[in-house]
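J.: Mind looking at a prediction? Sequence and model below.
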Amino acid sequence: MTEAAISIRALAKTYKGGKRALDGVTFDVPRGQIFGLLGPNGAGKSTLINILSGMVMKTSGTASIWGFDIDERPRNAKASIGIVPQEILFDPFFTPYETLELFAGLYGVPKAQRKSMELLRAVHLEDKANAYSRTLSGGMKRRLLVAKAMVHSPPVLVLDEPTAGVDIELRQQLWAYVRELNAQGVTVVLTTHYLEEAEELCDRIAIINHGRLIANEPTRDLVNKAQEKLVQVTVDRDLDAPPAAPCFEKIVLKGERVLEITYSKAKVNAGEVLAAVSGAGLGIVDVSTKEADLEDVFLSLTRAA
Ligand SMILES: Nc1ncnc2c1ncn2[C@@H]1O[C@H](COP(=O)(O)OP(=O)(O)OP(=O)(O)O)[C@@H](O)[C@H]1O
């Protein structure tokens, strides 16, 4: 078996003051994937990423990056990962080009092997190469952060909420670049609050909640787990109250003639649900269904936990 890109075992972190941010988390990020790390606010995602980057000391457990244990081989582990942090922090007096050169230098990348201009081109900042960083827009700064994380060509790139507060166009550009890097062989880990985005982009998704791992599966399997389905039925007369039937998990009158019915696809199918509506003496005028998505699964898992 090929070694994982990131391997985390029983990782725990208790902050001073007693807050247990990670409570024994174990999982692998397979090489070559785009891996989503999801969780509600305060779940422990940033703590986990900060342990990998060496900014937070873990309390117990182990972690390795590209086969290098973060305690035993910290330099190799750090050289194997690029991290795009949540917060934008730059020296305002350096230009984007200088910023990348400086960081490449810090990572010990020889001048001949640096690729500052290439990176600026990839994130569409070529024409800003020599502008002061402080004159860049928020979106440009974010793109520069991504380029900065790649100066030492790490095999693993971690993006911590990279598109929070970023407009749709820029988000699309960032994702296009992430996909491109992934196609070139870079393993990508991202945390995001945009479940739609994770669903579209990630091969596999892990969910943490209150410092514990509550899911870790291929995205499609996770989405298929949503057991509740929704069907909206327009009937042929005005109703004062919705009809009842054992196969409805929930039924809501949405308008005088529109019923929104939630049912469990493990127990019944749409035909039985519609038959129950007809059985209540109602004529069916129109039907639409909503496919469950990652948001449904996410909510049901985090609520259950
Ligand atoms: N330096 C710290 N000292 C004490 N508690 C902390 C510290 N950093 C984080 N915490 C707490 O640990 C828990 C996990 O925080 P963390 O930032 O890892 O969550 P997160 O999943 O990244 O959330 P978000 O999506 O809001 O960034 C939270 O309850 C937070 O308040």
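T.: That came in fine, so what should we check first? Being a predicted model, the structure only gives us computed values, none of them experimental.
J.: can you map out the strands along the chain?
T.: When secondary structure is read from DSSP state E, the chain shows strands at 6-14, 20-29, 34-38, 60-65, 68-69, 81-84, 156-160, 187-191, 204-209, 212-218, 228-235, 250-253, 258-264, 284-290.
J.: any chance of those strands in a markdown table, plus mean pLDDT, distance to S300 and mean neighbour count?
T.: Glycine gets a C-beta too; all of them are placed from N, C-alpha and C. Listed next are these as a markdown table, based on pLDDT from 0 to 100; distance: least, C-beta to C-beta, whole Å; neighbours: other C-beta atoms under 10 Å:
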| stretch | mean pLDDT | distance to S300 | mean neighbour count |
| --- | --- | --- | --- |
| strand 6-14 | 98 | 25 | 19 |
| strand 20-29 | 96 | 20 | 19 |
| strand 34-38 | 95 | 13 | 25 |
| strand 60-65 | 97 | 28 | 19 |
| strand 68-69 | 96 | 36 | 16 |
| strand 81-84 | 94 | 30 | 24 |
| strand 156-160 | 94 | 25 | 23 |
| strand 187-191 | 94 | 20 | 24 |
| strand 204-209 | 93 | 11 | 24 |
| strand 212-218 | 93 | 10 | 17 |
| strand 228-235 | 89 | 7 | 18 |
| strand 250-253 | 92 | 13 | 14 |
| strand 258-264 | 91 | 11 | 18 |
| strand 284-290 | 89 | 15 | 12 |
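J.: what does the domain assignment say about this structure?
T.: 1-80+154-219, 90-149, 225-304 (automatic domain parsing).
J.: what about L301, distance to the ligand?
T.: Counting by C-beta to the nearest ligand atom, to the nearest Å, the gap from L301 to the ligand is 15 Å.
J.: pretty sure that residue contacts N209?
T.: Yes - taking contacts as C-beta atoms under 8 Å, L301 lies within contact range of N209: 7.4 Å.
J.: can you list residues touching both of these two?
T.: The contact sets of L301 and N209 do not overlap (C-beta atoms under 8 Å, 6 or more residues apart in numbering).
J.: Can you add distance to V146 and give the strands of the chain back as JSON lines?
T.: Shown next, in JSON lines, are those (distance: least, C-beta to C-beta, whole Å):
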{"stretch": "strand 6-14", "distance to V146": "19"}
{"stretch": "strand 20-29", "distance to V146": "18"}
{"stretch": "strand 34-38", "distance to V146": "14"}
{"stretch": "strand 60-65", "distance to V146": "18"}
{"stretch": "strand 68-69", "distance to V146": "23"}
{"stretch": "strand 81-84", "distance to V146": "5"}
{"stretch": "strand 156-160", "distance to V146": "7"}
{"stretch": "strand 187-191", "distance to V146": "11"}
{"stretch": "strand 204-209", "distance to V146": "21"}
{"stretch": "strand 212-218", "distance to V146": "26"}
{"stretch": "strand 228-235", "distance to V146": "37"}
{"stretch": "strand 250-253", "distance to V146": "43"}
{"stretch": "strand 258-264", "distance to V146": "41"}
{"stretch": "strand 284-290", "distance to V146": "34"}
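J.: Does H210 touch D23 like I think?
T.: Yes - counting by C-beta under 8 Å, H210 does reach D23; the two are 7.2 Å apart.
J.: what do these two both touch?
T.: G44.
J.: Tell me how many other residues surround L174.
T.: Look at L174: counted by other C-beta atoms under 10 Å, it has 20 neighbours.
J.: let me fix that: P154
T.: For P154, the number of neighbouring residues by other C-beta under 10 Å comes to 20.
J.: Quick check: phi and psi on it?
T.: Backbone torsions of P154, given as degrees, to the nearest 10, read phi -70, psi 150.
J.: Distance check, it against F27.
T.: Applying C-beta to C-beta, to the nearest Å, the value for P154 to F27 is 20 Å.
J.: For this protein, which residues score under the pLDDT cut-off?
T.: For the chain, the stretches with pLDDT under 70 are 1-2, 165, 226, 291-293, 304-305.
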